[in-house]
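[1] need coordinates for the following:
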Amino acid sequence: MSLFKDIVNINNFSIENIDISDIEELIGKLPRNGIIDINISERGLIYTLEGQNICQEHIVKIDRLISVLDSEAKKAWSKAALDKAKALGHKTGKDKEWSAQADDDYITATNELALAKACRKWFENKISYFSGWHYAFKTFIKRDYSIENATSLNISRYDSSPVKRTEPYPVKSDEEDDDNNWGEVDWG
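    Below is the predicted model of the structure:
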């Protein structure tokens, strides 16, 4: 049985240790030039969906980590403003605020939070990258099939059964051919 808590578990999770090799591998499978054919497009659709899925799975954990790090940064600021600033002899609210903003624990917590937000942005950009390629592949395939259908014989209307004639083919005399003028229009 799969549990959602296993998906969002951030114990022993760190931004620096996220393995992005699978994402880089998928990016490596996408075209680097403008040459695309139907086979590349069909494979590319699968790669782009897989890439989006991998990125979205990471974003779930990163969002949870951002929430935890935001709480830790607020806690570090409060502790610095209420306890550490008082111990340093700061009496006014503004002095305590400045002291809290310069506190090493608070700075460390906000830097970790900024790193987590940057990581989330990176994964969002990769999702957008895969989404753009997915749209390009889908559009190419749709266009390719529509061109193929427009230019080829419509096999559904083609009747391969032999024609059975009960009468002989009509034969025209040479006089009838001369009168016909071979389809020329009489403008007179």
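
[2] please pull up the helix or strand immediately following the helix or strand containing Ile40.
    In this structure, Ile40 sits in helix 38-79 according to DSSP states H and E. Moving toward the C-terminus from helix 38-79, the next helix or strand (DSSP H and E) is helix 85-87.

[3] convert the C-alpha atoms of stretch 57-67 to CSV, please.
    In CSV, the C-alpha atoms belonging to stretch 57-67 read as follows (Å, rounded to 0.1, in the frame of the first residue of the first chain):
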residue,chain,number,x,y,z
GLU,A,57,7.4,14.8,-7.5
HIS,A,58,10.4,16.8,-6.3
ILE,A,59,8.3,20.0,-6.0
VAL,A,60,6.0,18.3,-3.5
LYS,A,61,8.9,17.7,-1.1
ILE,A,62,10.5,21.1,-1.8
ASP,A,63,7.2,22.8,-1.0
ARG,A,64,7.0,20.9,2.3
LEU,A,65,10.6,21.9,3.1
ILE,A,66,10.0,25.5,2.2
SER,A,67,7.2,25.6,4.7
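
[4] mind listing what's buried along it?
    58-59, 61-62, 64-66 (16 or more other C-beta atoms under 10 Å). The way it works is simple: take the backbone N, C-alpha and C, and place the C-beta from them, glycine included.
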